[in-house]
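Enquirer: I'll drop the sequence and a predicted model, then ask my questions.
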Amino acid sequence: MDKEVNSPKLPTDVDSLQRRIARLKRLAKKYKRAEIVQNALLGISNIANNVNSLDDFYTGVHQHLQRLIPADNFFIAAQNPKTGLISLPFFADEKDSHPSELYPDEEISEILNRGITGYVLRQGQPLLCNEDEFCKLIAQGKIQGLGSPCHQWLGVPIKNGEVVNGVLVVQSYNTEINYGELELELMGFISQHISGVMERLLHNEQLEIAIEERTRELSQAYNSLKSEVKERVKAENLQKSLFQIADLSSSKLAQKDFYTRIHEIISQLLPAENCFISLIDNNMLSFPFYVSQLDNDYPSTRPVQDGLTEYILQHKQPRLLSNTDIKKLVEFGDIYAKSPELNRTEHMHQWIGVPLIINEHVVGALTIYSLDAKQNYQIKDLELLTFVSQHIANAIERKHAVESLKRSHELLEDKVSTRTQALAQVNRNLQTEINQRRKIEAQLVHDAQHDGLTGLPNRNFLMDRLSQALKHVRRHGLDQFALLFIDLDRFKVINDTFGHLEGDRFLIETAKRLKSCIRENDTLARMGGDEFVILLDSIRGTQDAIEVSERILHQVSQAYSLSNKDFLSGASIGIAFSRNDKLETSESILRDADRAMYQAKSNGKGCYVIFDSELSYQSEQRNDLDEQLTLALSQNLIQVSYRPIYDLVQKTIIAIEPQAQWQHEKHGFWDHNKLLQLTSNAQLSLIFDGYIFQQLNKDYPALKQQYGAVTQLYMSISSQHVNHKYALRGLKNTLKSSKIDLSKLTVFFNEKSLVKDTENHLNAFEILKQLGTNIGLDHFGTGYSSLSSLSFLPISTLMLDQEISKHLLNDNQLKLVKAYRLSAEALGINMVATGVDTLQQKLQFIELGYKVGKGRTLEKKTVNIANVMNSCA
């Protein structure tokens, strides 16, 4: 019964005993850990007491830590609390080299800061992580992977209060070595303990460095003070010597005594038992002073050769040479190669030569040398002698100046008398020259204000008179003047027909006729070329200017006798009157008269036009239109489309030609023909042609794909391209650099322009043919050129003037158009009918044998390149 009663209690006693045993094991483990930590701290304290530097302390900590935990891979990172920079005062790793060797192009602080060490420094918390956790931190962008991957990494911050000063790190590459709570706690205790030790050792180390630095500074200060006292004594002696040299320059000593005294002063500063001074004059070397222990033979004056003294004079630099240096110079042939008899340097120990420089010119040399090895010169002696030599050179210069002044005084009186007589003659000559110069200046003023051919006032003179006239009418509001701008007709024909000499005679005769039409108080000026301007001063009204203009038109219309032939000319006159307007200027009234003159030319020439507000408005509109056109060309606002040229019978496209259109919100729509006229008037023809050709070159691949490679390209261009060599060269370069097959391109020139300047056109035709380009004439049949002239022109295509299509009204006209076609076919030239705008015109051209034409009846619309591009796509 007792066994049955007591048997249930046995398991309870066993469980209690097992819990007591487990608690005892935990206490034993805790006491063991405490003992390990206590021993570690005592060991580190002993290390801190026995070491003299932080490096020794870090090494001792590592060695002691290795006895406690696996710490073959151990390093300490320290952070400067002021700068925030991180350093590695201790590093041991069995795999990786020091980070500064792994990443030589980066600062060690930047390397550690972006790794896991910098992460612990920022967090201020211990970190124990394995390889997976390490990779997670990298993936989260908190750290960067540096060095070889490890199995485990344990880092504990070193803190001083709340400030993190560094990190203790151990890591394991072996999977059999693992860190746990014991290692983490141990590292934590060690980091808390060594923070103070590190601070104390660092303070002691800095204190020792400061003591050493202060001791060194005191030692340097003592040596500096000692040296300063010595240098001050030298400076006082040097200053005394310089005063003595300065006194010598003003003394009346003879030359021999002067140089002897200089030698005595030099001897006060440094040993100068062997010394001489040499001077150079007219390539001759003289020795005003010489003293030597070798001999007493005074060297005589000699020509400059290749001695040691000449070596100094040539290089213009002070030199301190030893006997070995001199022998090397002799051996290399730098000295005494041409004059070996001058060489007396075999017994010299050291030699100092300093050039004497006056006004940046070397005038001589100061030389000292030693014969005894006991006497050694130093670089400071060379510097001292160089400094003194400057004052010696100045003293020599002043000494020579005094002597030269004395000699000059002796010659001055004779020169004064001779010079006085010469000055009297010079004054007479000068007066004559002044009179001549006044005449020349007067002539130059006249030439600067007058035309060299006619003798009339020029533009400068006119603008000055015009400015005076404006000032006068502003002061006297009732007064008025008029300005007549005259342009002669057919002046270019005279030059081209009779030559420039007859052209000059024509201008001189015209000047006389114009002079006869005005009063003496009026001003007639030639502006250049065939343009004249008349300022009618103080007129009573508009009628006065009209009467003068009519007299001028009558006089100029009378026949001229040129090359024994009568020649008729004429004039176009623009008239502008002064107005009571404060904004009116000389340039503005001249511009108004010029505008009126151009209007007179537009009205048919041989007449006059008075400038008014309507003419001003037209001129402003024309200027604005020219500006807008220039802007449109620069901003690619002008559209280019392509007009087909058809086979009249087959109705197939055999060629295309570019057509430009411009739509402006103010000036309206401008087609190709109107744009040609506008660009011609605005002197923009070359730019306009370049604009169209650039677009044609850009669109050519799409056009070729749309119409086929055999389709011809027709393009009319201005004859301004052939007027001078630069424009022709530009056209040639444009064609050569294009993508277009030039054998498929025909360039058309205006027939009227060809007749006016046949020579330049023929030259251009030859150049273009060499490039492979075809040549054509447009606006053909206007009666300017004969059919026979086509036989010697390299023309491949003729394009009829579109006005011909409008006048096919009778048999004679039809026969003439047919004759054009027959003549062209006989010469192998293609003919293109233009202006085929009606079905009747088309049938008439077909009946006349024409095969190719263009016009509204043949097409519905021109081809826009955008549509071409879309169809190609």
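Expert: Here it is on my side, so go on.

Enquirer: from here on, contacts and neighbour counts on C-alpha atoms
Expert: Fine.

Enquirer: and the strands in the stretch 151-300 of the chain, which stretches?
Expert: Remark: strands assigned in the stretch 151-300 of the chain by DSSP state E, counting those that start in this stretch are 152-160, 163-172, 274-281, 284-291.

Enquirer: I meant the stretch 401-550 of the chain, not that one.
Expert: Using DSSP E, counting those that start in this stretch, strands in the stretch 401-550 of the chain cover 482-488, 523-528, 531-536.

Enquirer: of those, which is nearest L42?
Expert: strand 523-528 (112.7 Å; CA to CA).

Enquirer: picking up where we left off before, quick one, which of the strands of the stretch 401-550 of the chain is packed in tightest?
Expert: Ranked by mean neighbour count, the strands of the stretch 401-550 of the chain are led by strand 482-488 with a mean of 26 (mean count of other CA atoms under 10 Å).

Enquirer: run the chain-centre distance for the longest helix along the chain.
Expert: If you go by DSSP state H, the chain has its longest helix at helix 379-449. Centroid separation between helix 379-449 and its chain, computed with CA atoms, centre = their mean, to the nearest Å, is 46 Å.

Enquirer: now stretch 352-372
Expert: On CA atoms, centre = their mean, the centre of stretch 352-372 falls 48 Å from the chain's centre.

Enquirer: what residues sit buried inside that stretch?
Expert: 352-357, 362-371 (16 or more other CA atoms under 10 Å).

Enquirer: contacts made by it with the rest, please.
Expert: 272-281, 309, 312-313, 316-321, 347-351, 376, 382, 385-386, 389-390, 392-394, 397 (CA atoms under 8 Å, 6 or more residues apart in numbering).

Enquirer: filter the residues you listed to the buried ones?
Expert: By 16+ other CA under 10 Å, the contacts of stretch 352-372 give 272-280, 309, 312-313, 316, 318-321, 348-351, 382, 385-386, 389-390, 392-394, 397 as buried.

Enquirer: pretty sure G503 contacts R490?
Expert: No - with contact defined as CA atoms under 8 Å, G503 does not reach R490; the gap is 10.5 Å.

Enquirer: nearest residue to the middle of the protein?
Expert: S634 (25.5 Å; CA atoms, centre = their mean).

Enquirer: comparing G503 and R490, which shows the higher neighbour count?
Expert: When G503 and R490 are compared for neighbours, G503 comes out ahead with 21 against 15, by other CA atoms under 10 Å.

Enquirer: residues contacting that one?
Expert: With CA under 8 Å, 6+ apart, G503 has these contacts: F491, I494, N495.

Enquirer: can you do 6 Å?
Expert: I494, N495 (CA atoms under 6 Å, 6 or more residues apart in numbering).

Enquirer: cool, and the one 5 residues further on?
Expert: Residues counted as contacts of I508 (CA under 6 Å, 6+ apart) are T454.

Enquirer: what's the spacing between it and T454?
Expert: For I508, the distance to T454 equals 5 Å [CA to CA, to the nearest Å].

Enquirer: name the helices or strands packed onto the longest helix of the chain?
Expert: Counting contacts by 3 or more CA pairs under 6 Å, 6 or more residues apart in numbering; DSSP states H and E, helix 379-449 packs against helix 181-249.
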